[in-house]
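> let's see this in three dimensions:
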Amino acid sequence: MKKILLILIVTLPLFNILAQQHHDFGFKRNFDIAFIGQNSDTLQFALAGGINSVRFSEIDVNGDNIKDLLAFEKNGDRIMVFTNNGEKDAISYKYAPEYAHFFPKLHDWVILKDFNADGKEDIFTYGTAGITVYKNVSDEQGLRFELVTEQLESYYYNGYVNIFASPDDYLAIEDIDGDGDLDILNFMVLGKYVHYQRNYAVENGEGVEKFDFHLEDECWGHFHEGEDDNSIILNDYCTSKANDGKEPLRHVGSSIFAYDFNGNGLKDIIIGDVDYPQLILLENGGTANEAHITAQTDMFPNAEHPINLYSMPCINFIDINNDGVPELLASPSDPSLTKSQNHNSSWLYQYDSLSKQYIFSTAAFLQDEMVDVGGGSYPVFFDWDGDGLQDLFISNYGIYDTSTFDNYFLTSYYKSSIAYYKNIGTAQQPAFKFITSDFGDLLSANLLALYPAFGDFNGDGATDILCGTATSGLLLLTNNGDNTFAAPLPYLEEYTLKYATPQLYDIDGDGATDLLIGNQKGTISYYKNRSQNNIPDFQFITDNFGNVDVRDHDLSYFGYSVPLFFKKNSETRLFCGNEQGKIFYFKNIDSNLDGTFDLVEEEMFEVTENMRSGIREGWRIGLCVNDINNDGYLDLLVGNYAGGISFFRGCEPPEAEIGISETHPSNFLVFPNPSKGKFSIKNFEGQNQEITYYIYSVQGKIILTEKSSDDNVEIDLTDFAKGIYILKIATHNAIFTKKVIIGE
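All right, here's what the predicted structure looks like:
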């Protein structure tokens, strides 16, 4: 037991929101809006957020003993969960994003494997140049994970060091030697040989609960990858390594998947390579004690329809139709945002028992049931047909077109477009029907990162389109009067910032619509409309409007700001999306156009069961707001780089002290609460992990902080005023908050 002492008193601006009685906005994830696809069918997973590069895994998230589906989207580090109803011989899933909050923060790659043989899939994921492991400790209280290690280690030569992993690779984590525990196949740093990390836990009598990896083989399978391409050279006994003690250099980026494809009891492997669309099957013709790759083919899984996905496809076998036979799922895993196929990029093969082959089924598994516009998704509401209902336009960075090689380097080409969904619902219940994926016929213009703003630019009463682009500045599409458009022409040629995201909004309240533009840098440009008639006349004011800068300087040079100015209670507010997927919220804008806007929230949140979780829908988000169901609350639509959208219905704003969503709400007990100033925190984490405790006043000031690894901690606030305080508990993988009441 430990008594926490007062050691720090500071002001923390990000918690000023706690001084308010209620937040300004409330949003709840919602699926009530119908989207009708191009085949006139209602999309089952319309609001799941899109797919670019995913790896599928299976895990029981709801405790019904049926394996559900987890899709980890590499382009944005998104977790998508689909629950399985278990119907035999049927693919029947329900999108269940509420379970994503129970997973720790994961990034770069995720592999689910049951390492301790308890029937529950555990998490292997990228750490710092290594492998982080979380144990699945789910029970009757729900889905839960516990950190096992931040870096798996293996015995190399003279001692234990971390097992190298690249953020760009997918490793093979399988029982290679058949002893019941999980082993690892990985590429060493810049190496072209596969290393075999054998797990000796079972042999040492420690059982499957422990890990004891040793570097068993530096040239597993006796092959190597080509230094300049994805070729495989067989019968290599590491002679080049033996000559100088170093592995020859090659580029980094490969996916490895181990599986017994030919039924001989030995693990074969599949390798995908960065910049290449094929998978190469390497057949193991060796022995249980020594792997030896004796044959290879790039016609996987069959010659009639081999996997061909730019770039670096990865696979998994999962029984998605509950018939006892796993299906084959493939998708790109290239880390680049501008190399991979981003449409029809979720391939499904089903096993045919007659031919004993995997037969191609679809190129858009789950993806074809989503709103998915390719790479990047930037939604904009606008009543195009004038019927009083907000229609939806979704532009993109681009849809994958083709790829070429130049001196062994891959260049992929994309074409940007604007999709149009007409609102065919009612004022209280919107419904969006797909009309076209190329509104304005812009695909042929070969542009990137279109972003539309709608308005009359020539005074003829017809709506024109002003488009921001990645590198071509602003382009104007003039309406011919019959809702067809003239070819795009440069507009405001002095504007040269990249990735322009324009918005038309009367920011100074003079009745003329001004022009606000986000950009790659992360700031906002302001052009005042000086026009005295219906034809805009924009005058440059500043490229640093409101001193808004949404860059995360620790992570990137860029911010990719997407500004959205709007009215709430006759007051101008600003939501601004950024590169990392945060939604920044600003106030104090009216009558302060020359000053600095007030940052209220660095990350807008959704509310679930009276707890809040940050809205993080992926990278380079776009967003739009409107009360599209006329219930008095602004609704929020968020697009992301995977090409999809998510919808958050406006609701009653929650109380200011509402806690951050608790991943493991039962892991801590605060008692007594209310108290007279002395209370205890019981820690059920059970890992002897160091945990940091903070106490905040409702004004947002930290009045106490301390680290402790004890399972029971006493806090004494008897010297402080009676009232409400906020307890924040920061663990290794989550942040919990609780309201603490000090009374008489």
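> alpha carbons only for contacts and neighbour counts from here, please
Will do.
> any regions of the stretch 101-250 of the chain where pLDDT drops low?
Scanning the stretch 101-250 of the chain for pLDDT under 70 picks out the ranges 190, 239-250.
> what segments of it are helices?
Along the stretch 101-250 of the chain, the segments classed as helices by DSSP state H, counting those that start in this stretch run 239-244.
> that one: strands as residue ranges?
Using DSSP state E, counting those that start in this stretch, the strands of the stretch 101-250 of the chain run over 110-113, 122-126, 131-136, 145-149, 153-156, 159-162, 172-174, 183-187, 194-199, 213-217, 223-225, 232-234.
> Phe597 and Asn588: what is the separation?
5 Å (CA to CA, to the nearest Å).
> and what of Leu43?
Distance of Leu43 to Asn588, computed by CA to CA: 40 Å.
> where does the prediction get shaky in the chain?
By pLDDT under 70, the weakly predicted segments of the chain are 1-21, 190, 239-252, 609-610, 657-667, 684-689, 698-701, 732-737, 744.
> secondary structure class of the residue nearest to Pro502 when sequence neighbours are not counted, three-state.
Among residues not flanking Pro502 along the chain, Ile517 sits closest, at 4.2 Å (CA to CA, 6 or more residues apart in numbering). Three-state assignment for Ile517 (DSSP: H, G, I helix; E, B strand; the rest coil): strand.
> contact partners for Ile517?
The contact partners of Ile517, by CA atoms under 8 Å, 6 or more residues apart in numbering, come to Ala500, Thr501, Pro502, Gln503, Ile524, Ser525, Tyr526, Val562, Pro563.
> what of His224?
By CA under 8 Å, 6+ apart, the residues touching His224 are Lys192, Tyr193, Val194, Ile232, Ile233, Leu234, Asp236.
> which strand residues bridge the residue nearest to Pro502?
Here Ile517 sits in beta bridges with Pro502, Ser525, going by DSSP bridges.
> please apply the same query to Phe605.
Beta-bridge partners recorded for Phe605 (DSSP bridges): Gly614.
> and for it, the neighbour number?
Phe605: 22 surrounding residues under other CA atoms under 10 Å.
> wait, isn't it in contact with Gly614?
Yes: assessed by CA atoms under 8 Å, Phe605 is found in contact with Gly614 at 4.1 Å.
> if we can go back for a sec, most neighbours among the contacts of His224, which one?
That'd be Tyr193 among these, by other CA under 10 Å, with 27 neighbours.
> for that one, give me phi and psi.
With angles defined as degrees, to the nearest 10, Tyr193 sits at phi -100, psi 150.
> can you tell me which residue is spatially central in this protein?
Arg78 (2.6 Å; CA atoms, centre = their mean).
> if I look at that residue, how far off is Met611?
Taking CA to CA as the measure, Arg78 falls 20 Å from Met611.
> what do you get for His222?
Distance from His222 to Met611, counting by CA to CA: 54 Å.
> neighbour count for these two, which is higher?
Legend: neighbour count by other CA under 10 Å for His222 and Met611, higher for His222 (21 against 16).
> need the nearest residue in space to the more buried one, chain neighbours excluded.
If the residues on either side of it in the chain are set aside, His222 comes closest to Asp236, at 4.8 Å by CA to CA, 6+ apart.
> from start to finish, how long is stretch 205-214 in a straight line?
By CA to CA, the extent of stretch 205-214 from end to end equals 15 Å.
> what are the contacting residues of it?
The contact list for stretch 205-214 (CA under 8 Å, 6+ apart) reads 115-117, 153-156, 180-181, 183, 197-202.
> what comes up buried for that stretch?
Neighbour-count burial for stretch 205-214 flags Val208, Lys210, Phe211, Asp212, Phe213, His214 (criterion: 16 or more other CA atoms under 10 Å).
> before we move on, what about stretch 107-125?
Neighbour counts over stretch 107-125 (16+ other CA under 10 Å) mark 107-116, 120-125 as buried.
> stretch 335-348 too?
Result for stretch 335-348 [16+ other CA under 10 Å]: buried residues 335, 337-348.
> now do stretch 713-731
Neighbour counts over stretch 713-731 (16+ other CA under 10 Å) mark Val713, Glu714, Ile715, Asp716, Leu717, Ile724, Tyr725, Ile726, Leu727, Lys728, Ile729, Ala730 as buried.
> do the same with stretch 217-233
Buried residues in stretch 217-233, counted by 16+ other CA under 10 Å: 217-227, 230, 232.
> same check, this time on stretch 671-687
Residues of stretch 671-687 classed as buried by neighbour count (16+ other CA under 10 Å): Asn673, Pro674, Ser675, Gly677, Phe679, Ser680, Ile681, Lys682, Asn683, Glu685.
> widest-spaced pair of the residues you listed?
By the measure CA to CA, Gly677 and Glu685 form the most distant pair in the buried residues of stretch 671-687, at 24.6 Å.
> still on that earlier bit, can you lay out the buried residues of stretch 217-233 as a markdown table showing distance to Gln367?
Converted to a markdown table, the buried residues of stretch 217-233 look like this (distance: CA to CA, whole Å):
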| residue | distance to Gln367 |
| --- | --- |
| Asp217 | 40 |
| Glu218 | 39 |
| Cys219 | 39 |
| Trp220 | 36 |
| Gly221 | 36 |
| His222 | 39 |
| Phe223 | 36 |
| His224 | 35 |
| Glu225 | 32 |
| Gly226 | 34 |
| Glu227 | 35 |
| Asn230 | 28 |
| Ile232 | 32 |
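> out of those, who's nearest Ala486?
Closest approach between the buried residues of stretch 217-233 and Ala486, by CA to CA: Asn230, at 45.6 Å.
> contact partners for the closest one?
By CA under 8 Å, 6+ apart, Asn230 lies in contact with Asp273, Tyr276.
> how about stretch 89-101: buried residues?
Residues of stretch 89-101 classed as buried by neighbour count (16+ other CA under 10 Å): Tyr93, Tyr95, Ala96, Tyr99, Ala100, His101.
> pretty sure the third one sits against Asn84.
No: under the criterion of CA under 8 Å, Ala96 lies out of contact with Asn84, with a separation of 9.9 Å.
> helices of the stretch 501-650 of the chain, residue ranges please.
For the stretch 501-650 of the chain, no helices are identified by DSSP H, counting those that start in this stretch.
> just the strands in it please.
501-505, 514-518, 524-529, 538-542, 562-568, 571-577, 583-587, 598-601, 605-608, 611-614, 622-626, 635-639, 645-651.
> and the angle from the fourth one to strand 524-529?
Yep, that's strand 538-542 we're talking about. Using axes from the mean of the first three to the mean of the last three CA atoms, to 10 degrees, the inter-axis angle of strand 538-542 relative to strand 524-529 is 140 degrees.
> got the angle between strand 538-542 and strand 514-518?
Going by the same axes, to 10 degrees, strand 538-542 makes 50 degrees with strand 514-518.
> start the count at 34 instead of 1 going forward.
Will do, 34 is the new start, and the previous item becomes strand 571-575.
> neighbours of Asp587, just the number please.
Neighbours of Asp587 (other CA under 10 Å): 6.
> same check, this time on the one 10 residues further on
Residues near Leu597, counting by other CA under 10 Å, number 24.
> surely it meets Gln536?
Yes: between Leu597 and Gln536 there is a contact under CA under 8 Å: 7.1 Å.
> show me what contacts Tyr730?
You called it Tyr, but residue 730 is Ser. Ile736, Ile757, Tyr758, Ile759.
> likewise Gly160?
Applying CA under 8 Å, 6+ apart to Gly160 gives the contacts Glu183, Gln184.
> what's the spacing between Met358 and Asp352?
One thing to correct before we go on: residue 358 is Val, not Met. According to CA to CA, Val358 and Asp352 sit 6 Å apart.
> returning to what we had before: a markdown table for the strands of the stretch 534-683 of the chain, including distance to Lys466?
Listed next are these as a markdown table, based on distance: least, CA to CA, whole Å:
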| stretch | distance to Lys466 |
| --- | --- |
| strand 534-538 | 24 |
| strand 547-551 | 29 |
| strand 557-562 | 33 |
| strand 571-575 | 35 |
| strand 595-601 | 24 |
| strand 604-610 | 26 |
| strand 616-620 | 27 |
| strand 631-634 | 34 |
| strand 638-641 | 26 |
| strand 644-647 | 30 |
| strand 655-659 | 18 |
| strand 668-672 | 16 |
| strand 678-684 | 15 |
